[in-house]
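Asks: Pasted the sequence and its predicted model underneath.
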Amino acid sequence: MIPRHLMIAMSILLAAALGLSVYAWHVRKSVTTSPTAVIDTRPLAPPVTGPTERVVLFVAHDEDGTLRGLSALIPLPSGRQQRSEELLRALLSIYLDRSSPHVLGSGAEIRSVYLVDPGAAVVDVNSAFADTHRSGVLVEQLTVASLIHTITANTPGIQKVKILVDGKERETLAGHADLSSYYDVSAVNQLAVQLQPGQ
Amino acid sequence: MRWTNVSQETQQPPPPARAAQIRRLCGFSLAAILSTLLLSAATPEKHLSVYSVAANYSLPLVQHDGRDYVGLLELLEPLGRVTAKTDGAKWRLRYNNVDGEFQSGKTRVRIHDRDADLGGKFVLDNKRGLVPLGSLSSLLPRFLGGPVTLHEAPGRLFIGNVGTHFTASLAGDNPPRLIFHFTAAVNPIIATDQGILRMTFSREPLVSPASPTLTFGSKVISSATYAESNGTAIVTVNASVPVIASFANEGKTIVVTPTSNPAQSATAPATGTPETPAAQAPAPAIPPPAPLPARRRYFAIVDASHGGDDHGETLSNTLLEKDVTVALARSLRQELESRGISTLVLRDSDANLSTDDRAVFTNADHAAIYIALHATASGRGVRVYTALLPFGEDDRGPFRSWTTAQHAALPLSQTTATAIAGELQKRQVPVRTLSAALRPLNNVTGPAIAVEVAPQSSDLAQLTAPDYQQLVAGAVATAIAAAKDQLGSAP
């Protein structure tokens, strides 16, 4: 005959084991269904010193294929070249947001902007910028027009802009937009007008 | 200390006998490496190309006792149900309901209870049954129950009646065009070098014409030759000027045309005629030739953008932009030709064609209108583009800057784009006109536009729907037909 106190102890232990099993199952299920943390591969922006200035960023919108001006307050350094870089990095931070109206691939980065010749600017983007870019005439044209129009509208005196990828010349951005030549800023300004909403 | 000792040892001269041994060893090693390198460079891997109704494929050939061998199981696998079993030195093969028994080192085999001779020893190499290449013409009919034709030296095997035949004829004098007509669609690899154009057919069962050399009696395009080598058929066109090939008739026609004006090129001295040095006999003053009127072969050139390795946009897992553009181009050609406009589709197969080549061909043809076609999954409706000219160099005298060659024709291009947009609006298709940095629009000297087609709804299948393609193509063709006089009078 099993003593009564032993029976009670065994029953309590069995109930506890069952309870823990149910709890463990529940915890495991909630872990597997919870969304994994999104890794933000955006580059860390270097510290920028300088007063905050109001600028206009020309942001591409895919849903209607337009380029819209967006007023923004961003800290800008005093150097002309550094200002241009910060402008484009501010624009890129919009495009790297998942809720952006014109999403660029993660890891896209503006490496440098060079204001070389009087009137010439060279924008150097990294390979992820081009490799992850969506293919299509308009979608590529919107990116190019957005970069060039933003930099030239806020930096007077630029007449032509060249886009490099990882410091090298590339034929196209993603199969369509020509990157082999210098862009004529006056022609891009006309394109920006065509890309205004309601045009 | 140990390193110092080794260094001292190596500095001592070796004994003479040992030195000679080392020299011999080095000599043999060097000779072996050199001979291996030379042999590997001299003998590229040989292949057997097999053409059949079921499949066209290529198999590597194995060298054995100085003869070419091929794996019988691999050869029959794409053609039917086949199994093989090794039993000691015996190798049994069953193809559909036909049994064959082979024995390693023997020339006699038994197929379907009847003996046959291989003409060489059967080789069992790591359970893989190899038969002499030359035996296939007698061996395969017993398994397949039908005739085969073997071109043993170049390694080409035709199973059944699968040959693609072709004819070549010269059309027109100025400039002459060499037109190849094939009995089935072809897609050769095309290479050009000065006046030689070589078409290599590796997948097509191309067979020789009546004579392997075809002569045309033209100074510009003199002859074409047919040859077979290592599993391929090669057609070589010999010309006195650089030539270019274009596809038509859904890949069944290849047109070879000079890239420059042959009327001028044909005045060059004939090959082999020594040129008189100017210092010895001053040439008489020759008046410059009168400018020839630009000759137009096609009024419209329709360019299916991308192609070959360039897929364009990946529209879905199964749909590529390069395939949609070809279908759109064919639809547009039909619509244009039904309106009496002579049209050439610049890329009518899955061929690689650079943007430079597309512009060169269009400029050489003096086409009245160049239409590049694109397709996209983003947005709705159609966009009509004209060139966004880059910051280019100035024209130099009669020479135009390549990057801004479109400059003079841009107003007419824009007028045409607006007319096309108007026609699309009439048909309730959403449309926009824009400029775009899209090559080769800026390299074309005549009116040039690009049409990017997106579906009207979220349904991507619309891009391949014939009625939607016809709707867009019809609008484009109607606008071009309406502007025909204006476009035709453009310089």
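Replies: Yep, that arrived.
Asks: Quickly find the element holding the residue of chain A found nearest chain B.
Replies: Nearest residue of chain A to chain B, counting by C-beta to the nearest C-beta: A:Ser181, 3.5 Å away. Glycine gets a C-beta too; all of them are placed from N, C-alpha and C. According to DSSP states H and E, A:Ser181 maps onto no helix or strand at all.
Asks: My understanding was that it contacts B:Leu389; is that so?
Replies: No - look at A:Ser181 against B:Leu389 with C-beta atoms under 8 Å: they stay out of range, at 9.0 Å.
Asks: Report the contact partners of residue 134.
Replies: Unless you meant another one, I'm taking chain A. If a contact means C-beta atoms under 8 Å, 6 or more residues apart in numbering or on different chains, then A:Arg134 has A:Glu140, A:Ala174, B:Glu313, B:Ser378 as its contacts.
Asks: let's do chain B instead
Replies: With C-beta under 8 Å, 6+ apart, B:Gly134 has these contacts: B:Arg67, B:Asp68, B:Gly119, B:Gly120, B:Leu150, B:Glu152.
Asks: Make a PyMOL selection of the buried ones in those.
Replies: Only the buried entries of the contacts of B:Gly134 go into this PyMOL selection, using 16 or more other C-beta atoms under 10 Å in any protein chain shown:
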select buried, chain B and resi 67+68+120+150
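Asks: In strands, which of the contacts of B:Gly134 appear?
Replies: B:Arg67, B:Asp68, B:Leu150 (DSSP state E).
Asks: Nearest to A:Thr155 among those residues?
Replies: B:Asp68 (68.9 Å; C-beta to C-beta).
Asks: Surely the closest one touches B:Leu157?
Replies: No - contact criterion C-beta under 8 Å: B:Asp68 and B:Leu157 do not qualify, at 12.0 Å.
Asks: tell me which element the closest residue to B:Gly422 other than its chain neighbours is part of?
Replies: Distances taken as C-beta to C-beta, 6 or more residues apart in numbering or on different chains place B:Ala479 nearest to B:Gly422, at 6.9 Å, with adjacent residues excluded. Using DSSP H and E, B:Ala479 sits in helix B:466-482.
Asks: Name the residues of that helix that come out as buried.
Replies: B:468-482.
Asks: which of the residues you listed lies closest to B:Asn352?
Replies: Using C-beta to C-beta, the buried residues of helix B:466-482 come closest to B:Asn352 at B:Gln469, 23.9 Å.
Asks: Next one: the residue lying closest to the closest one once chain neighbours are set aside from chain A, what distance?
Replies: Of all residues not flanking B:Gln469 in the chain, B:Ser331 sits nearest, at 4.4 Å (C-beta to C-beta, 6+ apart). Look at B:Ser331 and chain A: by C-beta to the nearest C-beta, to the nearest Å, they are 19 Å apart.
Asks: Which positions in chain B make contact with chain A?
Replies: B:306, B:310, B:312-314, B:321, B:374, B:376-379, B:383, B:385, B:388-392, B:403, B:432-439, B:442, B:450, B:452 (C-beta under 8 Å from any C-beta of the partner chain).
Asks: of those, buried ones?
Replies: If we count by 16+ other C-beta under 10 Å, those have these buried: B:306, B:310, B:312-313, B:321, B:374, B:376-379, B:383, B:385, B:388-392, B:403, B:432-439, B:442, B:450, B:452.
Asks: For B:Thr86, state which of the contacts of B:Gly134 is nearest.
Replies: Nearest member of the contacts of B:Gly134 to B:Thr86, counting by C-beta to C-beta, is B:Gly120, at 19.7 Å.
Asks: Over to the closest one: give its phi and psi.
Replies: Main-chain dihedrals, B:Gly120, degrees, to the nearest 10: phi -180, psi 170.
Asks: That one and B:Gly66 touch, don't they?
Replies: No - B:Gly120 lies out of contact with B:Gly66 (C-beta under 8 Å); the separation is 10.3 Å.
Asks: how many neighbours does residue 163 have?
Replies: You didn't say which chain, so I picked chain A. For A:Ile163, the neighbour count with other C-beta atoms under 10 Å in any protein chain shown is 25.
Asks: wrong chain, I was asking about chain B
Replies: B:Gly163: 15 neighbours (other C-beta under 10 Å).
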